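**Student:** Need the 3D shape of this:
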Amino acid sequence: MGYASLRECTVELESRGDLIRVTEPIDPHLEMGMIQRRAYRSGAPALLFTNVKGTRYPCLANLYGTLERARWVLRHGIRAVEALVGVKAEPEQLFRSLPSLPGKLVRLALGGIHAFPVPMSARSAPVRATRIGKDELPQVVCWPRDGGAFVTLPAVYSQQPGTNWWGGWARSNMGMYRSQLSGNDYSQSQVGLHYQTHRGLGIHHKAALEAGVRLPVNIVVGGPPSLPLSAVMPLPEGLPEIAFAGVLGGRGVRICRGETPLPLFAEADFVIEGYLSATETLPEGPFGDHLGYYSLVHDFPFLEITNVWAREDAIWPFTTVGRPPQEDSVLGELIHELTGPALPTVLPGVKAVNAVDEAGVHPLLLAVASERYDPYRKRKRPQEILTAANAILGQGQLSLAKYLLIVAGEDDPSLHPEDSRSFFRHLLSRVDFRRDLHFQTQTTMDTLDYSGSGFQTGSKLVVAAVGEPIRELFDHSWWEEQNAPIPAPFQRIEVVAPGVLALSGVEHPQVDFLDELSQLFPESHPALKFPLWVVVDDAEFVAGEWANFLLVTFARSDPASDSYGLESFTHNKHWGCSGPFVIDARAKPHHAPGLEEDPALVKRVEALAAPGGSLHGIF
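**Tutor:** Residues are numbered from 1 along each chain as shown. Have a look, this model is predicted:
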């Protein structure tokens with residue numbers, strides 16, 4: 001049986017040496033988050049802060065800090081989830097191995113049972129032990145420019161308007177929507193709700209507006225450790241996250257009557273209960289986010305609080321986000337493990353995808369698909385993989401991808417998009433930039449991406465490549481041997497990887513020279529041997545690490561406005577180039593500022609980890 005509470009989980013983690021108590025006073029304003037980030041980077045145990053300034057509640061960090069620990073925490077239900085996904089991916093496999101059939105059927109049956117929430121009397125529900133004020137909650141501020149304190153591991157729960165507390169779970173949504181507790185214009189009875197593009201809460205909000213009723217919403221914090229992963233899981237339409245949380249947690253989610261039409265999660269550590277504002281909004285943010293930049297201030301709906309509930313032994317779980325990888329990267333990796341086998345049933349012809357964490361997830365999606373059209377033709381061109389690309393961009397969270405790079409699995413059966421270096425080498429040796437660039441303009445983008453022409457507005461680019469290699473990719477050693485001149489106005493050219501150059505020396509907004517690259521680089525220049533160029537602010541930084549290239553190139557550029565090419569042309573509304581394809585990934589005035597830590601606080605936190613310090617050995 002899975003965990004009934006977060007405290008149960010922490011007790012077992014501590015008993016196995018995978019949790020450390022931090023007993024000295026720690027400030028939730030910047031200090032606690034900085035400790036968490038360093039603990040994650042060092043692969044440290046989970047941290048339980050028991051003396052947090054400004055609150056009586058202990059705070060739990062780094063619970064999902066390693067893939068091994070996340071799997072262990074979710075061990076009670078993860079095999080049932082794998083069995084369910086396996087049946088969806090290959091139904092016939094269920095009966096192929098008769099000796100293992102009984103075990104598979106038991107896991108499937110138990111998983112199905114745990115999908116149903118279990119009613120509990122309100123009187124005995126642990127979460128209804130105390131009513132508190134919003135200001136009694138831990139006020140965790142992660143980054144210096146954050147607009148206030150935020151709930152960073154919420155499970156925000158809503159139901160189709162008109163449903164009741166018991167039966168309505170079948171038409172529910174549970175998502176991880178950033179919830180701002182303090183700052184800006186929020187009163188003591190309000191919480192900002194930053195729900196983004198393509199989120200289920202928006203569907204319920206729209207239905208409530210059309211029905212002319214208020215939408216009850218609960219912000220659940222803590223409780224069974226399966227809730228956060230379930231809240232971000234890309235589930236099939238019609239499968240409620242609360243049901244998945246029961247299967248994943250190995251225990252049906254306990255619910256009880258609340259004081260709105262929604263159920264309370266009876267074993268949660270905290271529940272903020274209230275109603276979503278109808279059409280009224282308030283400024284929310286800024287907030288340091290997972291692209292490595294701040295999401296800026298924008299107007300969003302807010303929750304009018306009716307109650308804040310807390311267990312007697314409540315623990316406040318939190319994380320911080322920033323430039324990947326961070327703790328949320330582990331959740332993404334676990335999601336990929338669980339959902340990967342079922343992908344071909346959802347997107348026929350698609351073999352594997354990788355929303356690249358180092359690039360910020362949505363900015364860059366790599367995919368391998370089948371190319372089976374016209375097998376009798378010797379000369380290949382992208383056909384079926386373009387069909388697959390359109391399907392990918394129409395599927396759930398994958399629709400938020402900005403750059404989609406897709407290749408044919410038949411060209412290299414060993415290729416996997418998780419190996420992004422090999423994927424780029426494969427694509428760049430085959431892509432024909434005269435034919436293989438496919439833009440979508442004036443379309444909806446991820447809320448957190450500020451590279452486009454406006455808020456939630458920008459463009460997409462599909463790059464599709466099939467067939468045998470058409471060029472050799474040259475590397476750093478070859479480039480050094482050429483001793484090539486650097487044409488003005490560039491000041492530095494660095495090789496990022498085979499076939500990829502980073503060029504710097506010209507600050508934005510100067511862009512005219514990008515349309516004149518063919519004049520700057522004569523036909524004999526060695527740079528023309530590299531098919532992909534990236535114009536950046538610091539070529540040495542971008543070439544220094546592959547992760548730097550991925551983040552800067554794809555998070556800081558908009559395909560339509562930042563794409564250039566040598567010998568470019570437009571034919572029948574199709575844009576292409578005969579020479580290298582160029583992406584302008586320099587910082588621009590409309591971009592959000594990057595995340596930087598307070599140097600004074602860095603010294604203080606690092607002193608805690610020095611020999612003799614209370615956190616020595618943790619990071």
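**Student:** show me where pLDDT drops low in this structure?
**Tutor:** Scanning the chain for pLDDT under 70 picks out 86-111, 197-198.
**Student:** Domain map for it?
**Tutor:** Taking automatic domain parsing as the criterion, the chain consists of the domains 6-318, 327-465, 476-584.
**Student:** how about the ones you listed, which one is nearest Leu601?
**Tutor:** domain 6-318 (5.6 Å; Cβ to Cβ). (Each C-beta comes from the backbone N, C-alpha and C, glycine too.)
**Student:** Pull up the distance across the closest one, start to finish.
**Tutor:** 12 Å (Cα to Cα, to the nearest Å).
**Student:** ditto for stretch 229-238
**Tutor:** First-to-last distance for stretch 229-238 - Cα to Cα - comes to 18 Å.
**Student:** Counting neighbours, which bits of it end up buried?
**Tutor:** Leu229, Ser230, Ala231, Val232, Met233, Leu235 (16 or more other Cβ atoms under 10 Å).
**Student:** what are the phi and psi values for Ala39?
**Tutor:** When read as degrees, to the nearest 10, the backbone of Ala39 gives phi -60, psi -40.
**Student:** Now do the contacts for it.
**Tutor:** Residues counted as contacts of Ala39 (Cβ atoms under 8 Å, 6 or more residues apart in numbering) are Pro45, Leu47, Ala61, Asn62, Gly65, Ile618, Phe619.
**Student:** Kindly reformat those residues as JSON lines containing secondary structure.
**Tutor:** Listed next are the contacts of Ala39 as JSON lines, based on DSSP: H, G, I helix; E, B strand; the rest coil:
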{"residue": "Pro45", "secondary structure": "coil"}
{"residue": "Leu47", "secondary structure": "strand"}
{"residue": "Ala61", "secondary structure": "strand"}
{"residue": "Asn62", "secondary structure": "coil"}
{"residue": "Gly65", "secondary structure": "coil"}
{"residue": "Ile618", "secondary structure": "coil"}
{"residue": "Phe619", "secondary structure": "coil"}
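**Student:** Looking at the residues you listed, spot the one nearest Arg434.
**Tutor:** Nearest to Arg434, judged by Cβ to Cβ, of the contacts of Ala39 is Gly65 at 46.5 Å.
**Student:** Can you verify my assumption that that closest one contacts Glu327?
**Tutor:** Yes: with contact defined as Cβ atoms under 8 Å, Gly65 counts as touching Glu327 (5.4 Å).
**Student:** Using the three-state scheme, assign Val308.
**Tutor:** Applying three-state DSSP: Val308 is strand.
**Student:** right, and it touches Thr130 too?
**Tutor:** No: using Cβ under 8 Å, Val308 is not in contact with Thr130, being 9.1 Å away.
**Student:** what about those two, which has more around it?
**Tutor:** Between Val308 and Thr130, counted using other Cβ atoms under 10 Å, the more crowded position is Val308 (22 against 13).
**Student:** Quick one: closest of the domains of the chain to Glu597.
**Tutor:** Comparing the domains of the chain by Cβ to Cβ, domain 6-318 comes nearest, at 6.3 Å.
**Student:** hang on, the earlier thing: could you point out which of the contacts of Ala39 is nearest to Val151?
**Tutor:** Closest to Val151, out of all of the contacts of Ala39 and judged by Cβ to Cβ, is Ala61, at 13.8 Å.
**Student:** follow-up on the earlier one: and for Gly65 and Glu327, which residues touch both?
**Tutor:** Tyr40.
**Student:** and the host helix or strand of Cys256, how far out from the chain's middle?
**Tutor:** Under the criterion of DSSP states H and E, Cys256 resides in strand 254-257. Mean C-alpha position of strand 254-257 versus that of the full chain (Cα atoms, centre = their mean, to the nearest Å) differs by 30 Å.
**Student:** What's the first helix or strand after it?
**Tutor:** Downstream of strand 254-257, the next assigned helix or strand under DSSP H and E is strand 263-265.
**Student:** Which strands border the next helix or strand after that following strand, and is each parallel or antiparallel?
**Tutor:** Using DSSP H and E, the helix or strand that directly follows strand 263-265 along the chain is strand 270-276. Sheet pairing of strand 270-276 (DSSP bridges) gives strand 215-221 (antiparallel), strand 302-310 (antiparallel).
**Student:** looking at those strands, which is buried most?
**Tutor:** strand 215-221 (a mean of 26; mean count of other Cβ atoms under 10 Å).
**Student:** after it, next one along is what?
**Tutor:** The helix or strand immediately downstream of strand 215-221 is helix 226-232, counting by DSSP H and E.
**Student:** now what about that next one, what contacts it?
**Tutor:** Identification of contacts with helix 226-232 by Cβ under 8 Å, 6+ apart yields 2, 64, 70, 74, 77, 153-156, 174-176, 220, 241-242, 244-246, 248-250, 253, 265, 268, 317, 331, 334-335.
**Student:** so Ile242 touches Met174, yeah?
**Tutor:** Yes: taking Cβ under 8 Å as the definition, Ile242 is a contact partner of Met174 at 5.7 Å.
**Student:** who touches both of those two?
**Tutor:** Joint contacts of Ile242 and Met174 (Cβ under 8 Å, 6+ apart) are Tyr157, Ser230.
**Student:** Comparing those two, which residue is more hemmed in?
**Tutor:** More crowded of Ile242 and Met174, by other Cβ under 10 Å: Met174, with 30 against 27.
**Student:** still on that earlier bit, right, so of the domains of the chain, which gets closest to Ala607?
**Tutor:** Among those, domain 6-318 comes nearest to Ala607, with 11.6 Å by Cβ to Cβ.
**Student:** Determine which of the strands paired with strand 270-276 approaches Ser420 most closely.
**Tutor:** Here strand 215-221 is closest among the strands paired with strand 270-276 (Cβ to Cβ), at 34.5 Å.
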